[in-house]
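1. Sequence isn't available, so here's the structure alone:
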DNA sequence: GTTAGCACTCGATGTATTGGAGTGCTAACA
DNA sequence: TGTTAGCACTCCAATACATCGAGTGCTAAC
């Protein structure tokens, strides 16, 4: 059996209706809704076929039909091509551009959540390729040195290094010059052990400090790895009865609070050949078991040279895919284009 | 009518029982539970009195009694003193001391949540009195200066300042010296306009940069004001049917996600004559309307010289006050004593 | 191929019925 | 006078049962 045009139309009508109401939809409803001018009996026959094909499901004998994951998938796939909806409103809300990166991203998550009525997450952009831009050592007091490490894109990290000896200004200057002349502009992966040893030798007595600084650099990178995730609207899930059930709700809320699980989502989203497209996970397709009753839509944005973050929307399977995809696209474009303005991150 | 000893004992028994079960408790139960050797009929008479006095409530005619806010209050105030329970186990969990402040605090929230089965929040310590320790300006590139501002207790903030002119090293050095000689060690409130003007004059051509730096300092302080709050175990509320109701759960979860509301709690907790004691808010006493069906226990910890944070536990009114207070006390002591080790915060 | 018609299914809703936990009150008792 | 046994009463929760209606599948006719 094949999906002819009529079946497709009927399937579409069923899904549309279900997205709105959240209730199983019956043959009579479709018979009235569509412009096919078919009686409910005919629809019934078609629906039986659609069920056999696996696109829709009957919760129980005397109920209407609801879309299966496969049904949603077809809907989403076909829909994404035709409909290039524009969502411009959001632009305004983000235009009052937040200075700080974290504020901006929190804001994005919030705006998205308010706009869509789903739960949202936004990750801070993460470097794929880190270049060291600049290192600055300064004396805080007799026993402490402050190392400021600036990485490509003005990500700044600080580290306080305890020292035994009271270094004089001249030494500090030397160390600074030594570090910067050798390390600036280098991708971090390229700072290897041999290099460090060489530097230590050149630093002579103060070699250990160099080691500490390099450690701090390494630490900086490592820390950047457990990425920051901002979420908003988690409580939106209560708006959808199918998710507001105790167990599910509890698990979902937990995922949003602990955030660790969400990083799986990010990885999966970014870990793909085509990084630039919007991804839709439906039900069991989700990379997180907890969300098997949800649909997830993700987009990756790029913040200039290799710095990449992810935006995600988590809602019920009967999500307004159309709107969500449009909205995400719009946000993505804006974030992509925001790189020109130097933003910074504490 | 007065609360004699017997009534007190009965009330206590009722509350204890209710804390455990969460179900209204009847006269027969009390008659069996206590060592008073009274028949259920007698207990009934006493319970009627206790209800008249406002310590307990009857949800409906043929149900047992549950404690009122007033009842809980009495219980918490008087009955808990005796029991100075020690909770040492937590110490171990925190001993693997996290380097970074934010990790540590997240960890505290998590441990608390796991340990108590309630929702928890921990705020980062906040300065009451800020002293500027150190300022460092460095050239990032031709058009940007990086200002690093270190405040008492090694809180570090960065700010990137765009500049028109390409400053040479000598100028940078001069500016650094100028700023540090005049500002170091000053409480931030004392950096006033007159001072800034004087500095600007001394800086001559580069006066505007001084202005920018001071702005950055001000910004740093301001930012520190919207305090960071770490939460954990929000989904624990689902463990208590009286809170797991849709509306309540949704509101609570929202409070935990947006965190803004929680800051009210922090203010209230810190805004008191006796800052050192554990506070218990029961039901309507809570400073947040959203939590009027909960009880909240807070403790303030002090991280050395005027740096103060708050730990809070939010749960159902039938919370295990005893354990929670004990646990909080223990955690508080540990955090208080942690100041000796210099921790730092990015 | 389409449709009208009909028997059938099954959840949802509404209504009694019952059981049990708990109370308040009264009367008897120590 | 305080305590207790006993009893009538209340009310929730659970159970059973009837009913309703939306929806289906199937058949026969168009």
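-> Sure thing, it's come through. Keep in mind that what you see is a predicted model, and the values were worked out from it rather than measured.
2. Show me where chain A has its helices.
-> A:5-21, A:27-33, A:40-52, A:69-82, A:89-95, A:101-116, A:169-183, A:193-203, A:207-225, A:246-258, A:260-270, A:321-336 (DSSP state H).
3. Mean pLDDT lowest where, among the ones you listed?
-> When these are compared by mean pLDDT, helix A:89-95 comes last with a mean of 52.
4. can you pull the pLDDT of the residue of the stretch 51-200 of chain A found nearest DNA strand D?
-> With CB to the nearest atom of the strand as the measure, residue A:62 is the residue of the stretch 51-200 of chain A nearest to DNA strand D, at 3.6 Å. All C-beta atoms are positioned from the backbone trio N, CA, C, and that covers glycine. Among the per-residue scores, residue A:62 holds a pLDDT of 88.
5. before we move on, back to that, just put the helices of chain A in JSON lines and tack on mean neighbour count and distance to DNA strand C.
-> Rendered in JSON lines, the data for the helices of chain A read as follows (neighbours: other CB atoms under 10 Å in any protein chain shown; distance: least, CB to the nearest atom of the strand, whole Å):
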{"stretch": "helix A:5-21", "mean neighbour count": "18", "distance to DNA strand C": "7"}
{"stretch": "helix A:27-33", "mean neighbour count": "18", "distance to DNA strand C": "8"}
{"stretch": "helix A:40-52", "mean neighbour count": "17", "distance to DNA strand C": "4"}
{"stretch": "helix A:69-82", "mean neighbour count": "16", "distance to DNA strand C": "21"}
{"stretch": "helix A:89-95", "mean neighbour count": "13", "distance to DNA strand C": "37"}
{"stretch": "helix A:101-116", "mean neighbour count": "20", "distance to DNA strand C": "28"}
{"stretch": "helix A:169-183", "mean neighbour count": "15", "distance to DNA strand C": "66"}
{"stretch": "helix A:193-203", "mean neighbour count": "14", "distance to DNA strand C": "66"}
{"stretch": "helix A:207-225", "mean neighbour count": "17", "distance to DNA strand C": "47"}
{"stretch": "helix A:246-258", "mean neighbour count": "20", "distance to DNA strand C": "17"}
{"stretch": "helix A:260-270", "mean neighbour count": "18", "distance to DNA strand C": "31"}
{"stretch": "helix A:321-336", "mean neighbour count": "20", "distance to DNA strand C": "26"}
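6. can you list the ones you listed in CSV and add distance to residue A:235?
-> Formatted as CSV, those follow (distance: least, CB to CB, whole Å):
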stretch, distance to residue A:235
helix A:5-21, 21
helix A:27-33, 31
helix A:40-52, 35
helix A:69-82, 24
helix A:89-95, 20
helix A:101-116, 9
helix A:169-183, 46
helix A:193-203, 49
helix A:207-225, 30
helix A:246-258, 8
helix A:260-270, 16
helix A:321-336, 18
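7. Mind checking the ones you listed for the one nearest to residue B:185?
-> Evaluated over the helices of chain A, closeness to residue B:185 peaks at helix A:169-183, with 19.0 Å, by CB to CB.
8. Tell me the gap between that closest one and the middle of its chain.
-> Its chain's C-alpha centre lies 39 Å from the corresponding centre of helix A:169-183 when counted by CA atoms, centre = their mean, to the nearest Å.
9. residues in contact with it?
-> A:132, A:134-139, A:145, A:167, A:191, A:195, A:199, A:202-203, A:206, A:209-210, A:213 (CB atoms under 8 Å, 6 or more residues apart in numbering or on different chains).
10. Show the pLDDT at residue A:86.
-> Predicted confidence (pLDDT) at residue A:86: the value is 47.
11. Quick one, which of the helices of chain A gets closest to residue B:278.
-> With CB to CB, the closest approach to residue B:278 among the helices of chain A belongs to helix A:246-258: 24.7 Å.
12. Where does the stretch 151-300 of chain A get nearest to DNA strand C, residue-wise?
-> Nearest residue of the stretch 151-300 of chain A to DNA strand C (CB to the nearest atom of the strand) works out as residue A:241 at 10.9 Å.
13. circling back to that earlier point, what about DNA strand D: which of the contacts of helix A:169-183 touch it?
-> The subset of these lying close to DNA strand D, counting by CB under 7 Å from any atom of the strand, is empty.
14. Residue of the stretch 1-150 of chain A nearest DNA strand D, please.
-> For the stretch 1-150 of chain A, CB to the nearest atom of the strand, closest residue to DNA strand D: residue A:26, 2.6 Å.
15. do the stretch 151-300 of chain A as well
-> Taking CB to the nearest atom of the strand, the stretch 151-300 of chain A has residue A:246 as its residue nearest DNA strand D, at 16.1 Å.
16. hmm, back to that, now the phi/psi pair for the nearest residue to the residue of the stretch 151-300 of chain A closest to DNA strand C once chain neighbours are set aside, please.
-> Closest residue in space to residue A:241, ignoring its immediate chain neighbours: residue A:22 at 7.0 Å, by CB to CB, 6 or more residues apart in numbering or on different chains. Main-chain dihedrals, residue A:22, degrees, to the nearest 10: phi 80, psi 0.
17. which residues does residue A:22 contact?
-> Contacts were defined as CB under 8 Å, 6+ apart; by that measure residue A:22 touches A:240, A:241, A:242, A:316, A:318.
18. List only those of the residues you listed flagged as buried.
-> Buried by 16 or more other CB atoms under 10 Å in any protein chain shown: A:240, A:316, A:318, out of the contacts of residue A:22.
19. Show the model's pLDDT score for the residue nearest to residue A:241.
-> Residue A:22 is assigned 91 on the pLDDT scale.
20. quick one: it and residue B:313, what's the gap?
-> If you measure residue A:22 against residue B:313 using CB to CB, to the nearest Å, the figure is 37 Å.
21. go on, residue A:178?
-> For residue A:178, the distance to residue B:313 (CB to CB) stands at 51 Å.
22. Equivalent analysis for residue A:171, please.
-> Applying CB to CB to residue A:171 and residue B:313 gives a distance of 50 Å.
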